[in-house]
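Chemist: pasted the sequence and its predicted model underneath.
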Amino acid sequence: MYGLKQIAAILAGLSSSSHAHHSDDETLTTVRSLVFGAEESSTPCADNQEYSASTGTKWFDLITLPTTYSYYVITGIEWKNGSAVAGNIISGVVLVDDIPIVLNGGGNPTICPGFIVAQAGTNAVQRTNAFISQIIPGGTKIGVYVQNSSTSATLRYQDNQANTYRKKGVAYGTTVYYVDAAGWALSTNRIYLKLYYKGIL
C-alpha cells in the first residue's frame, strides 16, 4: 500500500527522492487537502440467472477505469445476491493485463484488498465499503472479484456471454494475497459486479 509520503509525491508529480525533505506535517497537509469528484460507477450485467456458489471459485468482472481524471480511488464494490444467502463474502480488485485477458499466468497484483463481510439480503444488491484502495491511474484495466465462503450461498449472473477468462479456481480463505497467482478459467457467465470510484481533482 502507498504511505502518506508516497501518495503526496504521486499527486505532486514528484519522485520519492525529491519529496524526501518534506516533513510529516507537510505530507499530511497535502493528503488532507485532496479533493474528490462525484462518485461514479461501472455498468453491471443484466443478470438473468443465479448459481449456487462454489467456495473454490473467485468470480471477476473486468473494467477499464475512465480517463476523466488522472487518478482514482475505489469507493465501493457491489454484487447481487440470489434467493439464498449464507456465510461470508470477500471482494477486491486486481490489475489485469488487458480486456479480454491475454496473459493467463504470472499473477495479478491486488490493488484493493477487501475485508470479509456477511452475505445479507436475498434477491438484492449488497455493497461493501470495507476495503483499502490504492490510488489508481485513470485508464487502468482491472478485475473486480467476489467469492463466497458457503456452498449454500447464491449469486446472480448473466449467461450466454462471450467465452473468456472470468474466474479463478482459488480456495476461499481469509488471507489476502498481494499477487493473485492462480490461473484464469473460461466462462460464458458474467457475474453481477458493480464498481464505485471517485476521481481525484
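Modeler: Looks like it came in fine. Numbers count the residues shown, from 1 in each chain.
Chemist: and residue 178, how many neighbours?
Modeler: Close neighbours of residue 178, defined as other CB atoms under 10 Å, add up to 11. Every C-beta, even on glycine, is put in place using the N, C-alpha and C of the backbone.
Chemist: could you measure from residue 117 over to residue 78?
Modeler: Residue 117 sits 12 Å away from residue 78, going by CB to CB, to the nearest Å.
Chemist: intersection of neighbour lists for the two?
Modeler: Taking CB atoms under 8 Å, 6 or more residues apart in numbering as the criterion, residue 117 and residue 78 both touch 126, 128.
Chemist: tell me the bridge partners for the nearest residue to residue 124 once chain neighbours are set aside.
Modeler: Counting by CB to CB, 6 or more residues apart in numbering, residue 124 lies nearest to residue 81, which is 5.9 Å off, once chain neighbours are set aside. On the basis of DSSP bridges, residue 81 is bridged to residue 155.
Chemist: can you give me every residue that contacts residue 81?
Modeler: Residues near residue 81 by CB under 8 Å, 6+ apart: 119-126, 153-156.
Chemist: let's see if you can find the most crowded of those.
Modeler: Using other CB under 10 Å as the neighbour criterion, residue 155 leads the contacts of residue 81 with 26 neighbours.
Chemist: so how far is residue 53 from residue 142?
Modeler: Here residue 142 is placed at a distance of 22 Å from residue 53 (CB to CB).
Chemist: ok, now how distant is the residue nearest to residue 124 from residue 147?
Modeler: According to CB to CB, residue 81 stands 14 Å off from residue 147.
Chemist: all helices for this structure, in order.
Modeler: Remark: helices assigned in the chain by DSSP state H are 4-12, 16-19, 24-32.
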